[in-house]
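Asks: give me the fold of what follows.
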Amino acid sequence: MTGTYCPYDVTPLPTLIEGVEFTVATAFGRVQCFRHGTTRGGRGTVFVHGVHDDMASWGPLVRAAIGRGAELGPSLFVDLPGFGRSENLRGRLDISEVGDVLLDVARSDMGFSLLRLVGHSMGTLVVADLAVRHARWVESLHLAAGPYYSVVDAMNGRLPAGLAGGVATAIFGLQYGLAMTGRLGVAALTAASRARLLRPLLSPFVAHPGAVRQSVLDHLVAGLRPASFRAAARNGFRYRDGMSWSGVRCPVWAAYGTADRLVPAIDARRLRVDLPNARITNVPDASHLIHVEQPDATLVALGLG
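Replies: Modelled structure (predicted):
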């Protein structure tokens, strides 16, 4: 384990950078946002988190940028519908509908005319779909721990490639099984966290469960949204003919944790096939929560530092 593993707490973004919290009325209901900087007609960066998460998960990456003197520029952070403090009155979470909401907020409320899109895990699917359908607005994609080809294959009845693909599928299956238990599962994990028994359960998602900060554990437990997870997972079935990102035309940076079991190395290699010009970096000593475990290295790998 490196001495820089999980160096920062997960804290609310307003404690790290100047900005304004605001809510937007959308087709999903009220969506919570945080604006850093302002621009009219310029470039902006949009950060899109993964499932069981919210905008605060980007805090360690923001801390890394501050420490390196890297200026992220005008930025928009959002709690996706059904996660964090955002509503999802529709009960579904189609990635195209979510992407359209993000684009509307970025253009109308922030005044961005060109977007850098940063996604983690499920967020990588959201931003890639947005880049394909609204290419004129997207300058670049920055992908952390995604996309998850192996899991999508399994969801659509295709055998995952090799042992790593099988492990990824099994981990996703456990996640989905937990989501099916609803509030009971959340209560059980909350009790496990209070009893200091949660860390071993994190081994599929972090490289060193024993070294993860308590604030990260608390954040993960607080972010559990079983119904929203199930709604997000259903997006995998839209790739019945296989996941191909060949429609992406903008520059792409992708960062993968070398210890990631949910999005294994085989998935990174498949992204290389779809996008031969993508800048792919394998970040050592990190698993699926790459931007929390190794925020400095991830910032650089994503081309943001």
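Asks: check contacts around residue 152.
Replies: Residues counted as contacts of residue 152 (CB atoms under 8 Å, 6 or more residues apart in numbering) are 236, 239, 243. To be clear about C-beta, it is placed using only N, CA and C from the backbone, and glycine gets the same treatment.
Asks: specify the local secondary structure of it.
Replies: Secondary structure for residue 152, judged by DSSP: H, G, I helix; E, B strand; the rest coil, is helix.
Asks: low pLDDT regions in the stretch 51-200 of the chain?
Replies: Within the stretch 51-200 of the chain, the segments meeting pLDDT under 70 span 160-161, 195.
Asks: secondary structure class for residue 246?
Replies: coil.
Asks: surely it touches residue 274?
Replies: Yes - if you go by CB atoms under 8 Å, residue 246 and residue 274 touch, sitting 5.4 Å apart.
Asks: higher neighbour count, those two?
Replies: More crowded of residue 246 and residue 274, by other CB atoms under 10 Å: residue 274, with 18 against 10.
Asks: ok, the closest residue to that one other than its chain neighbours to residue 95 distance?
Replies: Excluding the flanking residues, the one nearest residue 274 by CB to CB, 6 or more residues apart in numbering is residue 245, at 4.3 Å. Look at residue 245 and residue 95: by CB to CB, to the nearest Å, they are 13 Å apart.
Asks: can you give me the strands for the stretch 1-150 of the chain?
Replies: 20-26, 29-36, 42-48, 75-78, 112-120, 138-144 (DSSP state E, counting those that start in this stretch).
Asks: and the ones you listed as a markdown table, adding distance to residue 101?
Replies: Shown next, in a markdown table, are those (distance: least, CB to CB, whole Å):
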| stretch | distance to residue 101 |
| --- | --- |
| strand 20-26 | 5 |
| strand 29-36 | 7 |
| strand 42-48 | 11 |
| strand 75-78 | 8 |
| strand 112-120 | 14 |
| strand 138-144 | 15 |
